[in-house]
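Participant: 3D, please:
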Amino acid sequence: MTTQSDFRKAINSDKIDFVSGSNKSDYKPERGDIFVWRKSNGVGHTGIVYEYDESTDLVTILEAIGRTGAVGESQQVKNGGYSGKGCSRTAIYMTNSGALSSHDGWKGYFRPKNYTKKL
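Facilitator: A predicted model of the protein is given here:
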């Protein structure tokens with residue numbers, strides 16, 4: 001299991017905290033939260049929350065995505081996300097989708113300490 005201490009060591013900073021309860025499927029992310037999933041084989045992904053719409057349960061993520069796209073790629077495009085692959089993009093996922101909290105290796109969201117800059 002990756003601990004908060006492990007995460008801080010990996011990014012060489014203690015200026016970020018795990019958001020308590022964010023590893024649960026009912027967590028409502030906030031702008032600036034950073035999601036993390038990492039499988040036991042070391043493969044992982046991260047992105048930054050740009051917006052969360054509670055009425056639709058859709059979260060807009062800023063992410064860099066590989067050539068194959070994401071789990072649930074077609075659904076995120078239907079949600080209004082960018083269809084590009086092998087690029088940085090804006091993607092739109094359901095919070096409880098296979099790309100986020102239902103993804104194998106889901107860790108949750110982290111939040112930078114004393115974050116004041118607007119996205």
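Participant: where does the residue most central in space within the chain land in three-state SS?
Facilitator: The geometric centre of the chain, computed from its C-alpha atoms, lies nearest to Phe35 (C-alpha atoms, centre = their mean), at 2.8 Å. Under DSSP: H, G, I helix; E, B strand; the rest coil, Phe35 falls in the strand class.
Participant: so where is the chain shaky, pLDDT-wise?
Facilitator: In the predicted model, the chain carries pLDDT under 70 at residues 1-4, 7-8, 10-12, 115-119.
Participant: do a quick rundown of the helices in it.
Facilitator: 4-11, 73-78 (DSSP state H).
Participant: was I right to think the residue nearest to the centre of the chain contacts Gly108?
Facilitator: Yes - assessed by C-beta atoms under 8 Å, Phe35 is found in contact with Gly108 at 7.4 Å. C-beta coordinates here come from the backbone N, C-alpha and C atoms, glycine included.
Participant: quick check: Val49 touching Phe110?
Facilitator: No - Val49 sits out of contact with Phe110 when judged by C-beta under 8 Å, with a separation of 10.6 Å.
Participant: joint contacts of these two?
Facilitator: 33-35 (C-beta atoms under 8 Å, 6 or more residues apart in numbering).
Participant: max-length strand in the chain?
Facilitator: Criterion DSSP state E: the longest strand present in the chain is strand 44-53.
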